[in-house]
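Asker: Sequence plus predicted model, see below.
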Amino acid sequence: MNESLPIRKIIHVDMDAFYASVEQLDNPELRGKAIVVGGSSKRGVVSAASYEARKFGVRSAMSSVIAKRLCPHLIFVKSNFDRYREVSQQIRKIFHDYTDLVEPLSLDEAYLDVSENKKGNPSATLIAKEIRQKIKEKTGLNASAGISINKFIAKVASDINKPNGQKTVPPEEVLDFLEKLDIKKFYGVGKVTKEKMYRHGIYTGEDLKSKSVEYLTEHFGKSGGYYYHVVRGVHNSAVKPTRTRKSLAAERTFSENISSEVYMLERLETIAEEVERRLTKSNVAGKTITLKIKYSDFTLQTRSKTLPFYISSKSLMLEAVKDLLFQEKMKNSVRLLGISLSNLNNEKKEQQPEPEESIDVQLKLDF
């Protein structure tokens, strides 16, 4: 075992179809039915889909029109985020009964470091099982979990036996698990990267592992080093109870497509106002401003610029956004606009280089 590499017991808990499941929990008439949380209008987008809806190919971020076409008997339910937050808080209280090292990723998922825990239980597998059972008893909802030596593998594992299941990848099985894993299952490999990897003959973790760090860096940029290490079980990111906010944003989908930049500027003023409100509430400012544009054909474009100073006011945001808006001609009419501010003044510049050697897995850790 390489003594410089930390071996932790990490659990990734992921609620099953969280928003949709809460709606089914609160309204018994919806149970067992194909439902989505989101708007049913022609401009609507699916926020979450029940497992009954997913059987028909309905997925989050899908156009409501397409979702309805795939599943004609689909039921649309308006979102209720106050209720989702309420349930999320109940779940987090359960997490903190076991450890204070809890890193929420969203309302419905979190990492837990249970290497040392409040129950004195040496088995992360049994802890995960107990947590899922308590969530069911407290909220009536199902959760899935992944358990392993680091956050990357735990997150990948939590998706293996969904819904309402868990998967443990103990130290002695890490390398074999990663080598056999389909590349599209690797957390951080999206649709575009997956297709690019396919073009390079990379279909599994074993294929990825056969590539040198130089090869991966040449073809995948900075992410190449990340891929090189994670397929070898090396991912040293600790569970951070307080996550530093990386950006603040707001966006709007319009009831009718917009073709005129003048009208776009009017809408962007309202959006900038909302971003300003959120920045003030969080007491932060940022240097990098990004304009998000979704066209009527659903293609997405972002335009960014980094300023030499921090900004938080609507007026300064609009100055930068105006430059970005007229940077190039619009490709089509626009259905959505968004503004985000990143490179915030709350970010700590921490760089922890990944070790270049692969792990020699430990066989005696109780998982």
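Answerer: Arrived safely, thanks for sending.
Asker: Which strand or helix spans the residue of the chain most remote from its centre?
Answerer: Computed with C-alpha atoms, centre = their mean, the residue of the chain farthest from its C-alpha average is Val262, at 34.1 Å. Using DSSP states H and E, Val262 sits in helix 261-282.
Asker: How far does that helix sit from its chain's centre?
Answerer: 25 Å (C-alpha atoms, centre = their mean, to the nearest Å).
Asker: and the following helix or strand past it, what other elements does it pack with?
Answerer: Per DSSP H and E, helix 261-282 leads on to strand 286-295 as the next helix or strand towards the C-terminus. Helices and strands touching strand 286-295, by 3 or more C-beta pairs under 8 Å, 6 or more residues apart in numbering; DSSP states H and E, are strand 247-258, strand 300-311, helix 314-325, strand 334-344. Using the backbone N, CA and C atoms, a C-beta is placed for each residue, glycine as well.
Asker: Could the C-alpha coordinates of strand 286-295 be exported in PDB?
Answerer: This file holds the C-alpha atoms of strand 286-295, laid out as PDB (Å, rounded to 0.1, in the frame of the first residue of the first chain):
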ATOM      1  CA  GLY A 286     -17.000  37.800  -9.400                       C
ATOM      2  CA  LYS A 287     -14.600  38.400 -12.300                       C
ATOM      3  CA  THR A 288     -15.800  36.000 -15.000                       C
ATOM      4  CA  ILE A 289     -19.200  36.700 -16.600                       C
ATOM      5  CA  THR A 290     -20.900  34.200 -18.900                       C
ATOM      6  CA  LEU A 291     -23.900  34.700 -21.200                       C
ATOM      7  CA  LYS A 292     -25.900  31.500 -21.800                       C
ATOM      8  CA  ILE A 293     -27.900  31.300 -25.000                       C
ATOM      9  CA  LYS A 294     -30.300  28.400 -25.900                       C
ATOM     10  CA  TYR A 295     -31.600  28.700 -29.400                       C
END
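Asker: thinking again about what came up before, can I get the helices and strands packed on strand 286-295 in CSV with mean neighbour count?
Answerer: Formatted as CSV, the helices and strands packed on strand 286-295 follow (neighbours: other C-beta atoms under 10 Å):
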stretch, mean neighbour count
strand 247-258, 15
strand 300-311, 13
helix 314-325, 18
strand 334-344, 21
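Asker: And the ones you listed: which comes nearest Phe76?
Answerer: strand 247-258 (15.4 Å; C-beta to C-beta).
Asker: Which strands or helices does the closest one pack on?
Answerer: Short answer (3+ C-beta pairs under 8 Å, 6+ apart): strand 247-258 packs on helix 261-282, strand 286-295, strand 334-344.
Asker: Please render those as TSV that adds distance to Val174 and mean pLDDT to the earlier fields.
Answerer: Shown next, in TSV, are the helices and strands packed on strand 247-258 (distance: least, C-beta to C-beta, whole Å; pLDDT from 0 to 100):
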stretch	distance to Val174	mean pLDDT
helix 261-282	38	90
strand 286-295	36	94
strand 334-344	33	93
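Asker: Residue ranges in the stretch 201-350 of the chain under the pLDDT threshold?
Answerer: 243, 347-350 (pLDDT under 70).
Asker: Put the alpha carbons of stretch 255-272 into PDB.
Answerer: C-alpha atoms of stretch 255-272 as PDB (Å, rounded to 0.1, in the frame of the first residue of the first chain):
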ATOM      1  CA  SER A 255     -42.900  31.900 -23.800                       C
ATOM      2  CA  GLU A 256     -42.100  33.000 -27.400                       C
ATOM      3  CA  ASN A 257     -38.800  32.900 -29.200                       C
ATOM      4  CA  ILE A 258     -36.900  36.200 -29.400                       C
ATOM      5  CA  SER A 259     -35.100  37.300 -32.500                       C
ATOM      6  CA  SER A 260     -34.300  40.900 -31.700                       C
ATOM      7  CA  GLU A 261     -31.200  41.800 -29.700                       C
ATOM      8  CA  VAL A 262     -33.100  44.800 -28.300                       C
ATOM      9  CA  TYR A 263     -35.700  42.500 -26.700                       C
ATOM     10  CA  MET A 264     -32.900  40.300 -25.500                       C
ATOM     11  CA  LEU A 265     -31.300  43.200 -23.700                       C
ATOM     12  CA  GLU A 266     -34.600  44.000 -22.000                       C
ATOM     13  CA  ARG A 267     -34.800  40.400 -20.700                       C
ATOM     14  CA  LEU A 268     -31.100  40.400 -19.700                       C
ATOM     15  CA  GLU A 269     -31.600  43.400 -17.500                       C
ATOM     16  CA  THR A 270     -34.200  41.500 -15.500                       C
ATOM     17  CA  ILE A 271     -31.900  38.500 -15.300                       C
ATOM     18  CA  ALA A 272     -29.000  40.700 -14.200                       C
END
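Asker: what does it contact?
Answerer: 41, 43, 250-252, 254, 291, 296, 314, 317-318, 321-322, 325-326, 330, 333-335, 337-339 (C-beta atoms under 8 Å, 6 or more residues apart in numbering).
Asker: In it, which residues are buried?
Answerer: Within stretch 255-272, the residues scored as buried using 16 or more other C-beta atoms under 10 Å are Ile258, Met264, Leu265, Leu268, Ile271, Ala272.
Asker: Name the nearest residue to the spatially most central residue of the chain, sequence neighbours excluded.
Answerer: The chain has Leu105 as the residue nearest its centroid, 6.9 Å off, counting by C-alpha atoms, centre = their mean. Leaving aside its sequence neighbours, Leu105 sits nearest to Tyr111 (C-beta to C-beta, 6 or more residues apart in numbering; 7.1 Å).
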